[in-house]
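Here is my input; please provide its structure:
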Amino acid sequence: MKKINDLVSKKERPIKVIQYGEGNFLRGFILHIIDVANEKGIFNGDAAVVKPIEFGSLESFKSQDNLYTLSLRGKQNGSIIDENRIITSIGKVVDAYKEYSEYAQLATLDTLEIVISNTTEAGITYDEKDSFEASPPQTYPGKLTKFLYERFIRFNGDTSKGLVVLPVELIEHNGTKLKECILKYIEIWKLGENFKEWVLKHNTFCNTLVDRIVTGYPRETADKMFESLGYKDNLLDVGEPFGLWVIESEKDIRHKFPMDQIGMDVVFTDNLKPYRDRKVRILNGAHTGTVLAAYLAGEDIVRDCMSDELIRDYMENLLEEIMPTVDLPKEEVIAFKDAVIERFENPFIDHSVLAISLNSVSKWKARIMPTFKDYVTQRGELPKYITFSFAALMAFYSSKDLQGEALVGKRGEETYKIMDDKHILAFFANHYNKEDVKSFVSKVASNEAFWGEDLASYEGFVDKVSSYLEKIYTKGMRKALENLNQEV
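Residues are numbered from 1 along each chain as shown. Predicted coordinates for the structure are as follows:
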């Protein structure tokens, strides 16, 4: 079978981007955006992709001339999407450890303007033991500090040679935290006030939010896809059509990175919070608020939940309580909600309900509780469906059977593993009491270590959750959901 580079020749473009990380998400979203911008004549620049960790190989990139196929599959605007695109936006790949001198040379490129990274949530970290003399330093912020210093020295502090830094790691205030780590390294490595001033004044650190599901290499269906494509591609990457990149910046960076002009959902803003709230509350909140009830009602896959009329009605009612608490124009919120529903219906992704159930206590606190509190403040009453989601969480965690790392629950005759922090599982195992539901609810709701405050202090909360939980225990989840929908 032919290879991808037998069919396509790589076009040479200037290196404008250095990208730390070669994984599925960056290839399935960020490099896609750059590729479309190049095609439309808006950007005309490639990325130098850096492997920032010691293990792994870049051989697949080099053997394919840095070309790969992105397959976007899902549902969008009511239509099934199944599209393949050859991505040509990687100019070179470099191993920061095995090819350090080539990596360091990137700092001297006159054309370089943008830094992008996805080094996992643990990547943006400060380690006082990291060394400037190492080639390269171990941490990502350490690597970037030394890279910026070498650029500062090479161009003699030229104020026009600063870079725009766009981390896409999934942590809040990712750009701010990265900058804070760099400033610490400047201090302990004694790199000087002039360099520090150059970093602060002439480099732009942006906070970002990204949203696209990228499932990566399709091991089970790859050979069939190769037959359809007519060539083999060891870097084949699969993702959903939906994609959102929100970039918060104090300075206008669009003259360097005009990605809001390419027809994809790239947003520049001076306030990321409403967009983060929209994603966390609507997308993540719908997941967390629905999947535990859905699992106990007999569903195992997210897509199947959407074709289960009872579960779908529950989710849509839950979203009706969530949406008014998002501080963005109503039409934007509704459009995002509609896109989320289509994403859940994706016929190409088998998204496990139990996989989403991991660490549900901390997820409920982060994704549901802010909405709960805003709803109570705005309406002066408890949100029915959100309150039920708390009862569903308690029902899911209802077990005394603690086995190793998991609490083992039962769905009919089946068993399932409840995965969470050990102290959380131990608490539920010790306090689960089906004979005194109100006492059980009171203990969980008032556990400030879980929620950061006493939820039992909200008027009527314990009584309402207890009523819902009692129905789940005695009638089963499906009947409890039917009764919920009929409740006035």
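
Could you find the closest non-adjacent residue to Gly460?
Nearest residue to Gly460, sequence neighbours excluded (C-beta to C-beta, 6 or more residues apart in numbering): Leu382, at 5.9 Å. All C-beta atoms are positioned from the backbone trio N, CA, C, and that covers glycine.

ditto for Ile30
Closest to Ile30 by C-beta to C-beta, 6+ apart is Ile116, at 5.8 Å.

just Glu316 next, same as before
Nearest to Glu316 is Ile341, by C-beta to C-beta, 6+ apart, at 7.8 Å.

looking at it, the residue nearest to Ile30 is touching Ala47, isn't it?
Yes. In terms of C-beta atoms under 8 Å, Ile116 counts as a neighbour of Ala47; the distance is 7.3 Å.

circling back to that earlier point, roughly how far is whichever strand or helix holds the residue nearest to Ile30 from the heart of the chain?
Using DSSP states H and E, the element containing Ile116 is strand 114-117. With C-alpha atoms, centre = their mean, to the nearest Å as the basis, strand 114-117 stands 17 Å off its chain's centre.

Excluding its own residues, what touches that strand? List them.
16-21, 26, 30, 47, 52, 123, 140, 144, 163-169, 178, 256-257 (C-beta atoms under 8 Å, 6 or more residues apart in numbering).

what mean pLDDT does the helix or strand just after that strand have?
Sequence order places helix 140-154 as the next helix or strand after strand 114-117, per DSSP H and E. Throughout helix 140-154, pLDDT has a mean value of 98.

Counting neighbours, what do you get for Gly380?
If you count neighbours by other C-beta atoms under 10 Å, Gly380 ends up with 8.

Oh, that last question was meant for Asp304, not what I typed.
Neighbours of Asp304 (other C-beta under 10 Å): 15.

Tell me, how many residues neighbour Asn118?
The burial count for Asn118: 24, using other C-beta under 10 Å.

list the contacts for it?
Neighbours of Asn118 in contact, by C-beta under 8 Å, 6+ apart: 20-21, 23, 25-26, 30, 167-169.

Now the residues you listed in JSON lines, please, with extra columns for secondary structure and distance to Lys40.
Putting the contacts of Asn118 into JSON lines (DSSP: H, G, I helix; E, B strand; the rest coil; distance: C-beta to C-beta, whole Å) gives the following:
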{"residue": "Tyr20", "secondary structure": "strand", "distance to Lys40": "26"}
{"residue": "Gly21", "secondary structure": "coil", "distance to Lys40": "25"}
{"residue": "Gly23", "secondary structure": "coil", "distance to Lys40": "25"}
{"residue": "Phe25", "secondary structure": "helix", "distance to Lys40": "23"}
{"residue": "Leu26", "secondary structure": "helix", "distance to Lys40": "20"}
{"residue": "Ile30", "secondary structure": "helix", "distance to Lys40": "16"}
{"residue": "Pro167", "secondary structure": "strand", "distance to Lys40": "25"}
{"residue": "Val168", "secondary structure": "coil", "distance to Lys40": "22"}
{"residue": "Glu169", "secondary structure": "coil", "distance to Lys40": "28"}
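
Mind listing the shared neighbours of Ile116 and Ala47?
17-19.

which of those residues are buried?
For the shared contacts of Ile116 and Ala47, a neighbour count by 16 or more other C-beta atoms under 10 Å gives the buried set as 17-19.

Looking at these, which is nearest Glu459?
When those are compared for distance to Glu459 (C-beta to C-beta), Gln19 wins out at 51.6 Å.

sec struct for that closest one, please.
At Gln19 the chain is in strand, as set by DSSP: H, G, I helix; E, B strand; the rest coil.

In this structure it contacts Leu31, no?
Yes. Here Gln19 reaches Leu31: they are 7.5 Å apart, a contact under C-beta under 8 Å.

Overlap of the contact sets of these two?
With C-beta under 8 Å, 6+ apart, Gln19 and Leu31 have common neighbours Ala47.

which SS state does the residue lying closest to Lys363 once chain neighbours are set aside fall under?
Leaving aside its chain neighbours, Lys363 sits nearest to Thr288 (4.6 Å; criterion: C-beta to C-beta, 6+ apart). Of the three states, Thr288 takes helix under three-state DSSP.

which stretches of the stretch 201-350 of the chain form helices?
Listed in chain order, the helices of the stretch 201-350 of the chain (DSSP state H, counting those that start in this stretch) span 222-229, 273-278, 285-296, 302-307, 309-322, 330-344.

oh, I was asking about the stretch 351-488 of the chain
Under DSSP H, counting those that start in this stretch, the stretch 351-488 of the chain gives helices at 353-356, 360-363, 369-379, 384-396, 422-431, 437-445, 448-451, 461-475, 477-486.

Just put those helices in JSON lines and tack on mean neighbour count.
Output for the helices of the stretch 351-488 of the chain, formatted as JSON lines (neighbours: other C-beta atoms under 10 Å):
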{"stretch": "helix 353-356", "mean neighbour count": "16"}
{"stretch": "helix 360-363", "mean neighbour count": "20"}
{"stretch": "helix 369-379", "mean neighbour count": "17"}
{"stretch": "helix 384-396", "mean neighbour count": "24"}
{"stretch": "helix 422-431", "mean neighbour count": "16"}
{"stretch": "helix 437-445", "mean neighbour count": "20"}
{"stretch": "helix 448-451", "mean neighbour count": "14"}
{"stretch": "helix 461-475", "mean neighbour count": "19"}
{"stretch": "helix 477-486", "mean neighbour count": "17"}
